[in-house]
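S.K.: Attaching a predicted model along with its sequence, questions to come.
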Amino acid sequence: MVRDGDEGMRLARGLQVEYGVPEVVAYAQSPQDAERFQDAGIAVVDPSSAAVIMLEAMVRHPHALSLLADVDIARGVTDVVMTNRRLEGQTLRRIPLPGDALVLAVGRGGETIIAGAHTRLHHGDILTVVGSSAAVQEAVEAFTG
């Protein structure tokens, strides 16, 4: 995560271009900086609304938020880029995931798809995997295999 302003923009662009970081997040304190970051393809955290969004999620969806936000050493959540050519074109239903691992979402072409049994995987998809830490690690190995 980078801060706003010209220095933050230089750092964010450097992370994207020089180091190939696919998801850079900026902490923008002004609407002008937020717009500049968004125009550059950088995700923006707005400090004025972040707390409100978290509180709303806690009230409306406490179990979902707990699943993703609670610190639990035994549980893991990670994003993995699907590079295993043997799984390309397969639906999630046909892929035996280890233990309690579950694919929650698929990032593809800038869109987020809620994963389901009939979701077909493509090379380069970004898969959000949740489960026990061991199962998540095994799933990462399978998807990158």
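M.R.: All right, it came through fine.
S.K.: Helices of the chain, start to end?
M.R.: 5-17, 31-39, 47-60, 62-69, 133-144 (DSSP state H).
S.K.: For these, which has the smallest mean pLDDT value?
M.R.: Sorting these by mean pLDDT places helix 62-69 lowest, at a mean of 69.
S.K.: ok, back up a step: got CSV for the helices of the chain, with distance to H118 too?
M.R.: For glycine as for every other residue, the C-beta is placed from the backbone atoms N, C-alpha and C. As requested, these are exported to CSV (distance: least, Cβ to Cβ, whole Å):
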stretch, distance to H118
helix 5-17, 33
helix 31-39, 32
helix 47-60, 27
helix 62-69, 22
helix 133-144, 18
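S.K.: V80 is in contact with V129, isn't it?
M.R.: Yes - if you go by Cβ atoms under 8 Å, V80 and V129 touch, sitting 6.1 Å apart.
S.K.: what about those two, which has more around it?
M.R.: V129 (24 against 19; other Cβ atoms under 10 Å).
S.K.: partner residues bridging the more buried one?
M.R.: Taking DSSP bridges, one obtains T78, V103 as the residues bridged to V129.
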